[in-house]
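Chemist: kindly return the folded structure for what I paste below:
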Amino acid sequence: MIIREGTLADAINVLGQIDEFSREETLVSLKKRIGDKPFLVLIAEQDGESCGVKVGYQLDEDCFYSWLGGVTRKGRRRGIAQALLHSQERWVAQHGYTSLRVKSRNCFAGMLCLLLNNHYLIEHLEKKDSLDQYRLHFVKKITHYE
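Modeler: Here you go, the predicted model:
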């Protein structure tokens, strides 16, 4: 498996292969959300195919937000999400951020487990119409990586 920095176009390509996303992202929607903030796109590749993505951007000079990510069905259960998470944490630390924030939903049990297993702490619960759509807000203090 290879984890590399990618472009927003690379992210769109992978996101389009992930069934769980309720709305299709476009270059325009990604650029609108990120604006002029520093951002990172990580792409996971296995056997020459893009199979995972993680997109994040700066919230402020100390905090980075892991906004959007996932792994294609074909790429699941291969440690790809874990590798993307570690790569993002390393990049965040190397760029001087001291915390990383992320949201997920109750319906994404795999992501919730991944975050908890990697020492992300729940800091807020955002209630929605149905329990499975409740958003959990996580934060992790980032230490310097060598």
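Chemist: in what helix or strand does residue 24 lie?
Modeler: Residue 24 is part of no helix or strand, with elements assigned from DSSP states H and E.
Chemist: and it, how far from residue 35?
Modeler: 20 Å (CB to CB, to the nearest Å). C-betas here are computed from N, CA, C, even on glycine.
Chemist: for the residue lying closest to residue 56 once chain neighbours are set aside, phi and psi?
Modeler: Ranked by CB to CB, 6 or more residues apart in numbering and with sequence neighbours excluded, the top spatial neighbour of residue 56 is residue 66, at 4.3 Å. When read as degrees, to the nearest 10, the backbone of residue 66 gives phi -90, psi 100.
Chemist: wait, isn't residue 66 in contact with residue 99?
Modeler: No. Contact criterion CB atoms under 8 Å: residue 66 and residue 99 do not qualify, at 10.9 Å.
Chemist: quick one: contacts of the longest helix anywhere in the chain?
Modeler: Counting residues, the longest helix in the chain under DSSP state H turns out to be helix 80-94. The contact list for helix 80-94 (CB atoms under 8 Å, 6 or more residues apart in numbering) reads 1, 3, 40, 42, 44, 46, 51-54, 56, 64, 66, 69-71, 100, 110-111, 114, 118, 140, 142-145.
Chemist: how close does the nearest residue to residue 15 once chain neighbours are set aside get to residue 131?
Modeler: Spatial nearest neighbour of residue 15, chain neighbours left out: residue 25 (5.3 Å); criterion: CB to CB, 6+ apart. Using CB to CB, residue 25 is found at 26 Å from residue 131.
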